[in-house]
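*Asks:* Build me a model from this:
(2 chains)
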Amino acid sequence: MRNSVLLITDTFDRGGQLLARRLGNSVVTVTPRDLSRAGWTYHPKPERRTGSTADGAFRACDLRAVVTRLVGVYPGHLPHVSVHDREYIAAEMTAFLRAWLTALPCPVHDPPTSLSLSGHVWSPEQWAVLAARHDIPLAPTWRTVPADALSPDAGAARIVVAGSRHLAKGSVPGLLVDATHCLAAVSGQHCLEAHVVWVNGSPRLSRVNAWPDLTEPAVLDLFVASIDASIAEVSP
Amino acid sequence: MILIWGDRDDGPVTSVLAKLDPDKTLLVDQSAYARLQGELRLDDGHADGWLRVDCRTIAVEELTGFYLRPYSTAASFDSHRLLDVTVAVDGILLNLAEVLPPTTAVVNKPSAMATNDSKPTQAALIASFGFPVPETIVTTDADVAVAFWEQHGDVIYKSTSGVRSIAKRFTDAHRARLSNIANCPTQFQAFVPGDDHRVHVVGDEVFATRIVSEATDYRYASLTGDERAMTTVTLPNDVATRCITMARALDLLLAGIDLRCTPDGTWYCFEVNTSPAFSWFESHTGQPIATAIASLLGRGHG
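*Replies:* Numbering: from 1, shown residues only, chains lettered A, B, ... in the order given. Reported below is the predicted structural model:
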């Protein structure tokens, strides 16, 4: 399993399945069920971390890259565990993976954060605060109790960035392409999607999403190319 | 104005409420979600809006402090009819906590509280502040666990996540059922001898309690028939400073830091509790922790 790309996903993840197919023999797929298998060890030193699947054991330091498609492990991921224990074991597995994925020497898309195993799961409001701090034009957001409305309706035009690459769908002003790259950079996200809306005659980003849809072929192409590029960047 | 979110019968919430002026406090009680109305708007990074409970309305801009201690949302609605209300209330309050200006004392932001959801991840952060942390592994592999045990001689095991568990010594009796860890990664730590200290940091204030007990986990001393003595102590200056620095760097205005001082005077750090049940320590020592929190909430931050 040397030089493999580790894909952490679940059986419901259609985008992850398409990604695994595209990566072919170089991918090692791990689902939460695999964490109920001897051979996983977290050690503070990344070179001493190990993992295990039905196909065999591997060392974290032998991986070329990691792609994580899970926010966390949830009770529904663990039908093999008794119902009484599922919630606790899901929390334990999430905590384990968060540690295991932190500070690996290879590219990790995206590194875990305190609230997610893969990048940020921020609300529109959190994206708005970060964007304002960096003068990135984002549409206003609002929410109410009782629930009324969230952000303005998303426009059809949108941008997906992955690493230094991007894909624009519809009429996207160049400044918003740059703004999306900038937002990805300042948030530390490898991959980011944003829609375009017009507010008082000015184009702004809206509906920022760190999980673009990999079932869309062009987005999958973009993502795979960006993984290859990130691996090439760290290869000797 | 001060906003409190939690269960009014929860010890820490009760303690803080007792120190606040009711006319300047709005409580969002988790058992009465349907009574909340509100709106949160963000434009150019500026948050405004309002919250109303019964007939009392406050503007978001008026808030000097926000204390959050909600329980899991799953427990906060008693029928499916309230599910949409629960989602809306959690959504507005969780987001409000993240986007209030830095001058508002948010105790604590949900994103900061989540650092305690993975103890080994948090331990790596703790070590970066100069605190020794116990040697740790998390594994599904019985052979690895046995090797760790043989290497350290005295080992405890406990939960890896933020779910509360009782830390227990690993013994020969556990060895026979060690194969069970293949079902779930389990955390093992080298045992560190010494006296436990719980340090509550509130802003720049430090309240330290020394706990002397023979129990492996002093919180559950009564279960093992062990004694427990709790006394207020003054920490060495450098240790207190490190606690404040660490809490600040973790974006925590309130932290419950678990230290252990070894017989040779080394201060180990085990964990930073991000929503500590400080009222239990307060009731044993008389430390004015709730007063300090109330003061911080009233004057704002920075």
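
*Asks:* and B:V199, what are its phi and psi?
*Replies:* With angles defined as degrees, to the nearest 10, B:V199 sits at phi -110, psi 120.

*Asks:* what about stretch A:73-86, near chain B?
*Replies:* Yes - using Cβ under 8 Å from any Cβ of the partner chain, stretch A:73-86 reaches chain B at A:V81. Using the backbone N, CA and C atoms, a C-beta is placed for each residue, glycine as well.

*Asks:* Tell me the buried residues in that stretch?
*Replies:* Across stretch A:73-86, burial judged by 16 or more other Cβ atoms under 10 Å in any protein chain shown covers A:V73, A:Y74, A:P75, A:H77, A:L78, A:V81, A:R86.

*Asks:* Could you check the pLDDT of whatever residue of chain A ends up closest to chain B?
*Replies:* Using Cβ to the nearest Cβ, the closest approach of chain A to chain B is made by A:A132 at 2.4 Å. A:A132 is assigned 95 on the pLDDT scale.

*Asks:* Nearest spatial neighbour of it, chain-adjacent residues omitted?
*Replies:* B:G45 (2.4 Å; Cβ to Cβ, 6 or more residues apart in numbering or on different chains).

*Asks:* number of nearby residues for the one you found?
*Replies:* Look at B:G45: counted by other Cβ atoms under 10 Å in any protein chain shown, it has 18 neighbours.

*Asks:* got a list of what B:V206 touches?
*Replies:* When contacts are counted by Cβ atoms under 8 Å, 6 or more residues apart in numbering or on different chains, B:V206 touches B:V199, B:H200, B:L235, B:A240, B:C243, B:I244.

*Asks:* Number of residues surrounding the third one?
*Replies:* Neighbourhood size, B:L235 [other Cβ under 10 Å]: 19.

*Asks:* Show me the helices in the chain, by range?
*Replies:* Since no chain was named, I'll use chain A. A:14-23, A:86-101, A:124-133, A:174-187, A:217-234 (DSSP state H).

*Asks:* Wait, chain B was what I had in mind.
*Replies:* B:11-18, B:83-99, B:110-113, B:119-127, B:142-152, B:172-175, B:237-249, B:278-285, B:289-299.

*Asks:* Among these, which comes closest to A:T68?
*Replies:* Nearest of the helices of chain B to A:T68, taken as Cβ to Cβ: helix B:119-127 at 14.3 Å.

*Asks:* mind checking how far that closest one is from the chain centre?
*Replies:* 14 Å (Cα atoms, centre = their mean, to the nearest Å).

*Asks:* Could you do stretch B:28-45 as well?
*Replies:* 23 Å.

*Asks:* if we can go back for a sec, you'd agree the residue nearest to A:A132 is up against A:A128?
*Replies:* Yes - between B:G45 and A:A128 there is a contact under Cβ atoms under 8 Å: 6.2 Å.

*Asks:* Among the contacts of B:V206, which one sits closest to B:D172?
*Replies:* For the contacts of B:V206, the nearest to B:D172 is B:V199 (34.7 Å; Cβ to Cβ).

*Asks:* could you measure the residue nearest to that closest one when sequence neighbours are not counted against B:V272, distance?
*Replies:* With sequence-adjacent residues excluded and distances taken as Cβ to Cβ, 6+ apart, B:V199 is closest to B:I257, at 4.3 Å. According to Cβ to Cβ, to the nearest Å, B:I257 and B:V272 sit 5 Å apart.

*Asks:* Now the common contact residues for the two.
*Replies:* Between them, B:I257 and B:V272 share the contacting residues B:M246, B:A247, judged by Cβ under 8 Å, 6+ apart.

*Asks:* now the strands: where do they sit in chain A?
*Replies:* Taking DSSP state E as the test, the strands found in chain A are A:5-8, A:27-30, A:41-42, A:50-53, A:56-59, A:65-68, A:108-109, A:141-145, A:158-162, A:165-169, A:191-199, A:202-209.

*Asks:* just checking, what packs against the fifth one?
*Replies:* What it means is strand A:56-59. Counting contacts by 3 or more Cβ pairs under 8 Å, 6 or more residues apart in numbering or on different chains; DSSP states H and E, strand A:56-59 packs against strand A:50-53.

*Asks:* same question for the strand it packs on, mean pLDDT?
*Replies:* 96.

*Asks:* Pull it out as CSV, backbone CA atoms only.
*Replies:* Taking Å, rounded to 0.1, in the frame of the first residue of the first chain, the C-alpha atoms of strand A:50-53 are listed here in CSV:
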residue,chain,number,x,y,z
THR,A,50,-0.8,3.0,11.3
GLY,A,51,-4.0,2.0,9.7
SER,A,52,-5.8,-1.1,8.5
THR,A,53,-8.4,-2.2,5.9
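
*Asks:* from the middle of its chain, how far away would that strand be?
*Replies:* That offset, for strand A:50-53, works out to 21 Å (Cα atoms, centre = their mean).

*Asks:* quick one: the residue lying closest to B:V155 once chain neighbours are set aside from chain A, how far?
*Replies:* Nearest residue to B:V155, sequence neighbours excluded (Cβ to Cβ, 6+ apart): B:F170, at 4.4 Å. Between B:F170 and chain A the distance, using Cβ to the nearest Cβ, to the nearest Å, works out to 16 Å.

*Asks:* Give me the neighbour count for B:F170.
*Replies:* Residues within reach of B:F170, counting by other Cβ under 10 Å, total 21.

*Asks:* winner for burial among the strands of chain A?
*Replies:* Of all the strands of chain A, strand A:41-42 has the most neighbours on average by mean count of other Cβ atoms under 10 Å in any protein chain shown, namely a mean of 27.

*Asks:* And the residue of the stretch 1-150 of chain B closest to chain A?
*Replies:* B:G45 (2.4 Å).

*Asks:* follow-up on the earlier one: now render the helices of chain A as a markdown table, adding distance to A:V145.
*Replies:* Converted to a markdown table, the helices of chain A look like this (distance: least, Cβ to Cβ, whole Å):
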| stretch | distance to A:V145 |
| --- | --- |
| helix A:14-23 | 33 |
| helix A:86-101 | 27 |
| helix A:124-133 | 14 |
| helix A:174-187 | 27 |
| helix A:217-234 | 34 |
